[in-house]
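# got a sequence here, can you model it:
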Amino acid sequence: MDRKFQIGEIARFFDIPASTLRYWEDKGVLHPGKKSENQYREYTIEDLMTISDVIFYKNLGLQLKEICGMEASTPKQHQELFAEKIVELKRQQEMLTRRMKKLRYHMQAVEMLEMLKAQPYQETDIDTDCVVSFDLIERDKLCRYIKNPYLYTRVQDSQSLPQEQRGLTVSADMSSSFPESSILWQKQSARYITFLMKEEVTTGFPNNLPEHLARIQETYRTGAIISRFLLCAQENGKTYDFYKTFVEILPDSVNK
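The predicted model follows:
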């Protein structure tokens, strides 16, 4: 078949911009003929095959310069190139898996926020074992926070709310890797009541922790207060940091 095709026909057929075809030509991948009278590009059936191959290899993740060298490569070189691409795709897959995990953290934080709004003051086990001090200049801890902001935790005591300490939650088996002086709190056998604490992002950072605490203390004696960051978001036109807060119920509490 000796049919010729114009660049617009090719662009529509393959659903790619005409500018992409011109770019591939500039890079030496395509070699369309040109009409002598007007220098318009003319593509042959062979060019269609070449374009199909380029699209195929690009869908495999090959760069244009790699595609250009395919015909001049030996079978072994093809194998080595494809092996490199598989390694590269595995790295990308691992990166996407990490991103998906982080997105799930955020989705779970939103779900937790809504649950705490709907069901405040539930007695529950605390979901952290240990909290260590956290300074923004501590690179290792900062990297931990970037991977999972829910690790960011505030430690207080019911009898001295202003004396707040900020840290990161770590698992029990990791706590031994930190100096004792950096440990702000460790889990003990205790009961906890949880609720949603919100702190307005404005001058003075007012929060509703005292109101929640006062309500719980109508019934219980309380000890440690552990607040784990959920997310920063708007509510009723104001910006808040939202925390899942656990209040320790002391063993000698008597229900009123």
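# quick one: residue 212 and residue 107, what's the gap?
Separation of residue 212 from residue 107 (Cβ to Cβ, to the nearest Å) stands at 25 Å. From N, CA and C alone the C-beta is placed, and that goes for glycine too.
# the more surrounded of those two?
Between residue 212 and residue 107, counting by other Cβ atoms under 10 Å, residue 212 is the more crowded of the two (21 against 10).
# can you say which helix or strand has the residue found closest to that one once you drop the neighbours it is linked to in the chain in it?
Closest residue to residue 212 apart from its sequence neighbours, by Cβ to Cβ, 6 or more residues apart in numbering: residue 195 at 5.2 Å. Using DSSP states H and E, residue 195 sits in strand 191-200.
# chain center to the next helix or strand after that strand, what's the gap?
Sequence order places helix 209-217 as the next helix or strand after strand 191-200, per DSSP H and E. Relative to its chain's centre, helix 209-217 lies at 34 Å (Cα atoms, centre = their mean, to the nearest Å).
# tell me what helix 209-217 is packed against?
strand 191-200, strand 222-235, strand 238-249 (3 or more Cβ pairs under 8 Å, 6 or more residues apart in numbering; DSSP states H and E).
# that one vs strand 238-249, what angle?
When axes from the mean of the first three to the mean of the last three Cα atoms, to 10 degrees is applied, the directions of helix 209-217 and strand 238-249 differ by 30 degrees.
# now the helices for this protein?
For the chain, the helices defined by DSSP state H occupy 7-14, 18-26, 45-59, 64-68, 75-118, 139-147, 172-175, 209-217.
# which of the ones you listed has the lowest average pLDDT?
Mean pLDDT is lowest for helix 139-147 among those, at a mean of 81.
# same question for it: list its buried residues.
Buried residues in helix 139-147, defined by neighbour count with 16 or more other Cβ atoms under 10 Å: 141, 144-145.
# and what of stretch 226-237?
By neighbour count with 16+ other Cβ under 10 Å, stretch 226-237 contains the buried residues 226-231.
# before we move on, what about stretch 98-113?
The neighbour-count check on stretch 98-113 (16+ other Cβ under 10 Å) flags 105, 109, 112-113 as buried.
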